[in-house]
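Peer 1: Build the 3D model from these lines:
(4 chains)
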2 protein chains.
Amino acid sequence: MLLQKPDKRVTIHDIARATGLAPSSVSKALNDLPSVSKRIKALVKAKAEEMNYRHNSSAANLRRGSSRTIGVIVPKINVAFFADVIAGMEEVCFENDYRLIICQSHEELDKEIQAVETFIEQNVDCILISLSQQTRSAEHLKQALAHHIQVVQFDRVDHHFGGHVIVNDNKAAAYEAVKHLADQGYRRIAFLGGAMHLQIYRDRKEGYLQAVNEADLDIPYQYIVDDSRNAEIAMEKATTLLKYRNPPDAFFTVTDHAALGVLKATSALKIKVPQQVGIVGFANETFTAVTSPTLSTIDQQSKMLGRHAADLYFNHILKKKPAGNPAQPVCEVIQSRLVVRESSLRNL
Amino acid sequence: MLLQKPDKRVTIHDIARATGLAPSSVSKALNDLPSVSKRIKALVKAKAEEMNYRHNSSAANLRRGSSRTIGVIVPKINVAFFADVIAGMEEVCFENDYRLIICQSHEELDKEIQAVETFIEQNVDCILISLSQQTRSAEHLKQALAHHIQVVQFDRVDHHFGGHVIVNDNKAAAYEAVKHLADQGYRRIAFLGGAMHLQIYRDRKEGYLQAVNEADLDIPYQYIVDDSRNAEIAMEKATTLLKYRNPPDAFFTVTDHAALGVLKATSALKIKVPQQVGIVGFANETFTAVTSPTLSTIDQQSKMLGRHAADLYFNHILKKKPAGNPAQPVCEVIQSRLVVRESSLRNL
DNA sequence: TAGCAATTGAAAATCGATTTTTTATTCAAT
DNA sequence: ATTGAATAAAAAATCGATTTTCAATTGCTA
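Peer 2: Modelled structure (predicted):
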């Protein structure tokens, strides 16, 4: 008869018993620590394989006080930008033998706080976060810091919070987009913006303003419309503007969804794009390549941004840790680039 | 001077000390177990709040042997179908006070196996998985079972594996799509399929065949093309077919990306959709609503599918567990529905 | 009021890996 | 040959919550 319980998880104690070693030696062997001989290491590893041993993260985390896990919180995963950012983070985590776990805030502050709590309980080593639409301040991230969890904000960030931050060059990108429209001969360029409590939208607006200033364009105040991030609202606002006695001949929108809304508006009004009206969006969503006409937009180099965010943890924060000094806050800027497609190309 | 170390995580021992209780009582109070009085529960909870206590999952998981966590593995998160499925799973997990952690296989078998290993180490209670493109058999999931982790496959499944399974009514949906095309008067309906080692694509093909049979259509063998899931290949294959001396007048494709490829092909050849050629795709991706013309497709009720998958764990598997009998395998089918848009509407 | 059950709380064992401390061994050098 | 350092493995302590076992108190009944 078997002495073992029918099937309990195999532990290092079982391996120790099977090899006649001490559990501590088994642990060290499996972790390739120097204080155990090559012979033993080989022996232990073979036995572990044979017994179908699996490392128990909970036990190790508890003892170590670190989970070798990074948690990422994004508003939504089915947005091209965030999915790509996460892909970049995954790569870097994998290279460093860390796990990445993902939570969605679904643009709600409550869920975002919930996610932070979960990550504290799970004892992640670092939280990478892009704030939800509802979130006005990153105050709740203090809880994470209080529990010794590092925090890196990306894209939608609260600069006032004072921690590490990675963002696109939103102002410069918007400037370039609008300058491109001006270069194509569009003169009456309207702006469809986002919620003004989010820095990224304020920055994009600034870029727009700088460009229209430099090009010395006359912009009626009606052309500048905040809070029209989604397709429906944008369509409505664009329709109103296009029916105006002095209608715009181009739109720069802070999201691709808004650009799509403008496209629908023009289509409904039988206005030709790009001949009569030019459009440039922001984010390089998948669908921008398949509309008719295809939409010009800003590519945020999202995967690279994700890589840099994770890298910030491994190569800046983690390196400084042993020294004890808390790694002074970094603010990194990722360059984005204009993708010119049909919707803004009047001069062929 | 302070006696406490500057800042270590607050534990139930600290609360015990602060309240003069035993750690065990604190634990029971926090978990609302019956063997502790209301008075003590209130006292403990207040103190925990005051001391900014956070539950330590690692410690609890270790002791409990369960992590109250479900792991989901999908090929890609930035696919509308999977993102929606995950949203459904999240809801159900949240309702049951469980966590959901997400891994991507990026359509590679290696990464899929890696994800399973991670979940075993993390000791998740259940794995919900949709197989990668590369995966030919679910054999590697045996490892999870061997470690007492429940497995539910969804969408891309290996029926041969024998466990719990949730799928769409792929055959019926394809049948309906093709019947719809026939009803619209299209007679020469071509089929752009997927990899034949995946059941879902075999099923969709069967539905197509059944429909063309019943409508008594003559289909040259060239009309049936497997392995053209993505836009580029589909565009190429469609172009070839459309230049054929006896070209098809409609396409049913097993993915929306392929449908997009067909649309590009027709557009390049100046063929009018839906007047000259009808198109129906599969999956109801976001972009299908914004192409010109908009694409007809199959909606898979993905969020509901996700809810059901998670529900299968909580209401079927978990319920049976105490009894010891291992919950006989379930195969659940989620009905999908045809979404008729412009690309297949010839009769207005 | 004695006797017994039902509550309520404390004590101690436990989960499995890591890490620090000890002990035992090897080997070189004086 | 003996001290000493260097190496290798064992022993023991530890992480923090849960759970089982045990003890004490309360309350109720006869």
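Peer 1: residues contacting residue A:178?
Peer 2: Applying CB atoms under 8 Å, 6 or more residues apart in numbering or on different chains to residue A:178 gives the contacts A:189, A:207-208, A:211-212, A:215, A:252, A:280. Every C-beta, even on glycine, is put in place using the N, C-alpha and C of the backbone.
Peer 1: now residue A:129
Peer 2: Contacts of residue A:129 (CB under 8 Å, 6+ apart): A:72-74, A:112, A:116, A:141, A:151-154.
Peer 1: any idea how far residue A:50 is from residue A:97?
Peer 2: Counting by CB to CB, to the nearest Å, the separation of residue A:97 from residue A:50 is 24 Å.
Peer 1: before we move on, back to that, select from the contacts of residue A:129 the one having the most neighbours.
Peer 2: residue A:72 (30 neighbours; other CB atoms under 10 Å in any protein chain shown).
Peer 1: That one in helix, strand or coil?
Peer 2: strand (DSSP: H, G, I helix; E, B strand; the rest coil).
Peer 1: so who does the closest residue to it other than its chain neighbours touch?
Peer 2: Closest residue in space to residue A:72, ignoring its immediate chain neighbours: residue A:128 at 4.5 Å, by CB to CB, 6 or more residues apart in numbering or on different chains. Contact analysis of residue A:128 by CB under 8 Å, 6+ apart lists A:70-73, A:89, A:152-154, A:309-310, A:313.
Peer 1: quick one: strands adjacent to the one helix or strand residue A:128 maps to?
Peer 2: Using DSSP states H and E, residue A:128 sits in strand A:126-129. When pairing is defined by DSSP bridges, strand A:126-129 lines up against strand A:69-74 (parallel), strand A:150-154 (parallel).
Peer 1: now what about the helix or strand just after it, what contacts it?
Peer 2: Sequence-wise, the next helix or strand beyond strand A:126-129 is helix A:141-146, with elements assigned using DSSP H and E. With CB under 8 Å, 6+ apart as the test, helix A:141-146 has contacts from A:116-117, A:119-120, A:127, A:129, A:151, A:153, A:161, A:163, B:7, B:52.
Peer 1: how about 10 Å then?
Peer 2: Contacts with helix A:141-146, where a contact means CB atoms under 10 Å, 6 or more residues apart in numbering or on different chains, come from A:71, A:73, A:112-113, A:116-117, A:119-120, A:124, A:126-127, A:129, A:131, A:135, A:138, A:149-151, A:153, A:158, A:161, A:163, A:326, B:7, B:52, B:54.
Peer 1: Make a PyMOL selection of the buried ones in the residues you listed.
Peer 2: Of the contacts of helix A:141-146, the buried ones go into a single PyMOL selection, burial set by 16 or more other CB atoms under 10 Å in any protein chain shown:
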select buried, (chain A and resi 71+73+112+113+116+119+120+124+126+127+129+131+135+138+149+150+151+153+158+161+163) or (chain B and resi 54)
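Peer 1: ok, now which ones touch the closest residue to residue A:189 other than its chain neighbours?
Peer 2: If the residues on either side of it in the chain are set aside, residue A:189 comes closest to residue A:250, at 4.4 Å by CB to CB, 6+ apart. The contact partners of residue A:250, taken as CB under 10 Å, 6+ apart, are A:178, A:180-182, A:184-191, A:217, A:223, A:262, A:273-274, A:276-280, A:343-344, A:346.
Peer 1: mind listing the strands for chain A?
Peer 2: Assigned by DSSP state E, chain A shows strands spanning A:69-74, A:99-104, A:126-129, A:150-154, A:164-168, A:189-192, A:224-225, A:250-253, A:278-280, A:297-299, A:331-334, A:337-339.
Peer 1: ranking these by burial, who's on top?
Peer 2: strand A:250-253 (a mean of 32; mean count of other CB atoms under 10 Å in any protein chain shown).
Peer 1: Within the sheet, what are the partner strands of that strand, with directions?
Peer 2: Counting by DSSP bridges, strand A:250-253 is paired with strand A:189-192 (parallel), strand A:278-280 (parallel).
Peer 1: So which bits of chain A are right by DNA strand D?
Peer 2: A:20-25, A:34-37, A:39-40, A:59, A:62-63, A:65 (CB under 7 Å from any atom of the strand).
Peer 1: circling back: of residue A:97 and residue A:50, give the one with the bigger neighbour count.
Peer 2: residue A:50 (11 against 7).
Peer 1: Verify the stated contact: that one with residue A:15.
Peer 2: Yes: at 9.3 Å, residue A:50 and residue A:15 qualify as touching, with contact defined as CB atoms under 10 Å.
Peer 1: check contacts around residue A:32.
Peer 2: Contacts of residue A:32 (CB under 10 Å, 6+ apart): A:41, A:45.
Peer 1: what's the answer for residue A:298, then?
Peer 2: Residue A:298 neighbours (CB under 10 Å, 6+ apart): A:168-170, A:173-174, A:176-177, A:204, A:252, A:254, A:256, A:280-284, A:336-339.
Peer 1: Return the members of those classed as buried.
Peer 2: The buried subset of these (16+ other CB under 10 Å) comprises A:168-170, A:173-174, A:176-177, A:204, A:252, A:254, A:256, A:280-284, A:336, A:338-339.
Peer 1: picking up where we left off before, for DNA strand C, which of the strands paired with strand A:126-129 is the nearest?
Peer 2: strand A:69-74 (13.6 Å; CB to the nearest atom of the strand).
Peer 1: That closest one vs DNA strand C: in contact?
Peer 2: No: counting by CB under 7 Å from any atom of the strand, DNA strand C is not contacted by strand A:69-74; separation bottoms out at 13.6 Å.
Peer 1: Tell me the predicted confidence for the residue lying closest to residue A:219 once chain neighbours are set aside.
Peer 2: Distance criterion CB to CB, 6+ apart; nearest residue to residue A:219, sequence neighbours excluded, is residue A:212 at 5.4 Å. Here the pLDDT value assigned to residue A:212 is 97.
Peer 1: Could you report the distance from residue A:34 to chain B?
Peer 2: Noted for residue A:34: a distance of 24 Å to chain B, by CB to the nearest CB, to the nearest Å.
Peer 1: do the same with residue A:162
Peer 2: 19 Å.
Peer 1: contacting residues around that residue?
Peer 2: A:138, A:329.
Peer 1: hmm, back to that, now could you export just the CA positions of the strand holding residue A:128 as PDB?
Peer 2: Backbone C-alpha positions of strand A:126-129 (Å, rounded to 0.1, in the frame of the first residue of the first chain) are rendered in PDB as follows:
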ATOM      1  CA  CYS A 126       4.600  47.600  -8.400                       C
ATOM      2  CA  ILE A 127       1.500  49.100  -9.800                       C
ATOM      3  CA  LEU A 128       1.400  50.500 -13.300                       C
ATOM      4  CA  ILE A 129      -1.700  52.600 -13.800                       C
END
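Peer 1: quick check: mean pLDDT across it?
Peer 2: Average pLDDT, strand A:126-129: 98.
Peer 1: So what's the gap between it and the chain middle?
Peer 2: 10 Å (CA atoms, centre = their mean, to the nearest Å).
Peer 1: Go ahead and confirm residue A:315 touches residue A:95.
Peer 2: No: look at residue A:315 against residue A:95 with CB under 10 Å: they stay out of range, at 11.2 Å.
Peer 1: Residue of the stretch 51-200 of chain A nearest DNA strand D, please.
Peer 2: For the stretch 51-200 of chain A, CB to the nearest atom of the strand, closest residue to DNA strand D: residue A:63, 3.5 Å.
Peer 1: neighbours around residue A:17, how many?
Peer 2: So residue A:17, with other CB under 10 Å, has 12 neighbours.
Peer 1: quick one: contacts for it?
Peer 2: Contacts of residue A:17 (CB under 10 Å, 6+ apart): A:11, A:23, A:26.
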